[in-house]
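1. Have a look at this prediction, sequence included:
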Amino acid sequence: MTPLRPDRIIRSRRRTLSLEITTDARLVVRAPFRAPDTWIRDMIEEKRGWIERKIAEMKARPAPGERRFVAGEEFLFLGKSYALGVLDGSDAGITMSDRLYIGELRLPECRALLQEWYTKKAAEIFPVRVTGVATLLDYVPKKIRITDARRRWASCSSTGTLSFSWRLVLAPPEVIDYVIVHELVHLRQPDHSDRFWTNVEKAMPDYRKYRQWLRENERMLSI
């Protein structure tokens, strides 16, 4: 049997090993600084069935494919697809109307400009939606941040700060609201206990379908 090899090993001061299957179906190992390679290999072999199953599941999920940043290529925003429009001879940045437009001269920077545009939109949209949902449910977050996080859509700090990855702005508004509810409930219930999920359901009775959408379409929320 051919040994499984991790695509990346990340060492830190942690005490335990953990395995992660990324959205591009790669195996990442997180390990203590002094963890011997044999320990890592043994863990991978022990979890071979789980790893192979998760990689297969991830590859079966929809994905945008390799980005080329050419006219007509489609990008999500708030759950809707917008074709990329290229303005001949222009040096304009990203703008949106019926399409996402970019000047022809800026195409080499397209990925970076799109990320900047999505981040700006997230910074405009998320505080408004968080405030609306928090007011309705009687929660009071201290601060709202937009991050470049890849592994987590959002998080809630012990000081009451809610952080959201800009990538989430590609998702439908209902999915965004589910993530907001999830993090607001963490303000009072920091774990994922039964009580936590009961409170999420009270706030959003149909949250399961939005959580499922996020799991099935997470690979699509990228550029």
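-> Happy to help now that I have it.

2. Need the contact partners of stretch 23-43.
-> 3-22, 44, 51, 55, 58-59, 63, 218-219, 222 (C-beta atoms under 8 Å, 6 or more residues apart in numbering). Every C-beta, even on glycine, is put in place using the N, C-alpha and C of the backbone.

3. Check stretch 164-171 too.
-> Residues contacting stretch 164-171 (C-beta under 8 Å, 6+ apart): 75-79, 115, 118-119, 121-122, 125-126, 144-150, 152-154, 175-176, 179, 183, 213-214, 217, 220-222.

4. residues of the longest strand along the chain that come out buried?
-> Longest strand of the chain, by residue count under DSSP state E: strand 80-87. Residues of strand 80-87 classed as buried: 82, 84, 86 (neighbour count, 16 or more other C-beta atoms under 10 Å).

5. contacting residues for the closest residue to the second one other than its chain neighbours?
-> Among residues not flanking residue 84 along the chain, residue 73 sits closest, at 4.8 Å (C-beta to C-beta, 6 or more residues apart in numbering). With contact taken as C-beta under 8 Å, 6+ apart, residue 73 is in contact with 67, 83-84.

6. Let me have the residues you listed in JSON lines, adding pLDDT and distance to residue 109 as columns.
-> Shown next, in JSON lines, are the contacts of residue 73 (pLDDT from 0 to 100; distance: C-beta to C-beta, whole Å):
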{"residue": "67", "pLDDT": "93", "distance to residue 109": "13"}
{"residue": "83", "pLDDT": "98", "distance to residue 109": "19"}
{"residue": "84", "pLDDT": "98", "distance to residue 109": "13"}
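
7. Can you select the buried ones from the contacts of stretch 23-43 in ChimeraX?
-> Entered in ChimeraX, the line below selects the buried ones among these, by 16+ other C-beta under 10 Å:
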select :6,17,19,21,44,51,55,58,63,218,219
